[in-house]
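Participant: how does the following fold in three dimensions:
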Amino acid sequence: MSSPAEETYKLKGLTRNEFITVIYNRYGKKLYTYAIRTWNLDEDAAWDLIYKTLYKVIDSYTNYEFVSEEKFASFVFKIFINYLRNHHRDNKESKLFEFSAMDDVDLTTKEAKEGEEPLTNKKLIALNEALDKMEDWERMLLLMRSEGRAYSEIAQYIDKPENQLKVYYQRLKEQIQKKLND
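Facilitator: Numbering: from 1, shown residues only. All right, here's what the predicted structure looks like:
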């Protein structure tokens, strides 16, 4: 195997299983923490989406060129986010069905009237819009801080001075908070 400092997308000569192990060790726990804390997924659903992501990365990363580990990490994260969104969308309908089976739950606030657009969680939409407008390094900073990682560790992945990361993080939090409150 290769040294841990070697960039993931540059690893050559590994079997498929060895490469899965490397990607899992480098990104699995980060993705798991994000899925559990941010999307409130249960363990099984989180691991299912993580493994889908890892296999998708392995099958498709050679179709792209990466200039840094940060860009590769962003690629992994973007695939994961897409799986999370699909999972959320697919399970939103089943959750509404579960509620409708309960006699004491009023769904009139959740269902759109005929001819209207379906109602959705406005804060989630605002959050996704804010995240989509951010640069890769900004999303990585938010994700890694949400995992409780130290700024010194984050600086290894983000090409920004360590002593400035706290300022960037506070600004990003304020930006998201403002978007959610609007």
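
Participant: for the rest of this, base every contact and every neighbour count on C-alpha atoms.
Facilitator: Noted.

Participant: could I get the buried residue list for whichever helix or strand residue 56 is part of?
Facilitator: Assigned by DSSP states H and E, residue 56 belongs to helix 43-60. Within helix 43-60, the residues that count as buried by 16 or more other CA atoms under 10 Å are 46-47, 49-50, 53-54, 57-58.

Participant: residue 179 versus residue 122, what's the distance?
Facilitator: Computed as CA to CA, to the nearest Å, the residue 122 to residue 179 distance reads 11 Å.

Participant: actually residue 125, sorry about that
Facilitator: Look at residue 125 and residue 179: by CA to CA, they are 10 Å apart.

Participant: ok, now residue 150?
Facilitator: For residue 150 relative to residue 179 (CA to CA), the value is 26 Å.

Participant: swap in residue 87?
Facilitator: 24 Å.

Participant: could you do residue 44 as well?
Facilitator: For residue 44 relative to residue 179 (CA to CA), the value is 32 Å.

Participant: equivalent analysis for residue 20, please.
Facilitator: From residue 20 to residue 179 the distance is 37 Å (CA to CA).

Participant: what helix or strand is the residue positioned nearest the centre of the chain on?
Facilitator: Ranked by distance to the mean C-alpha position of the chain (CA atoms, centre = their mean), the top residue is residue 81 at 4.2 Å. Per DSSP H and E, residue 81 falls inside helix 69-100.

Participant: following the worst-scoring helix or strand of the chain on mean pLDDT, which helix or strand shows up next?
Facilitator: Every helix and strand of the chain was ranked by mean pLDDT, DSSP states H and E. The lowest is helix 69-100, at a mean of 78. For helix 69-100, the following helix or strand on the C-terminal side (DSSP H and E) is helix 122-133.
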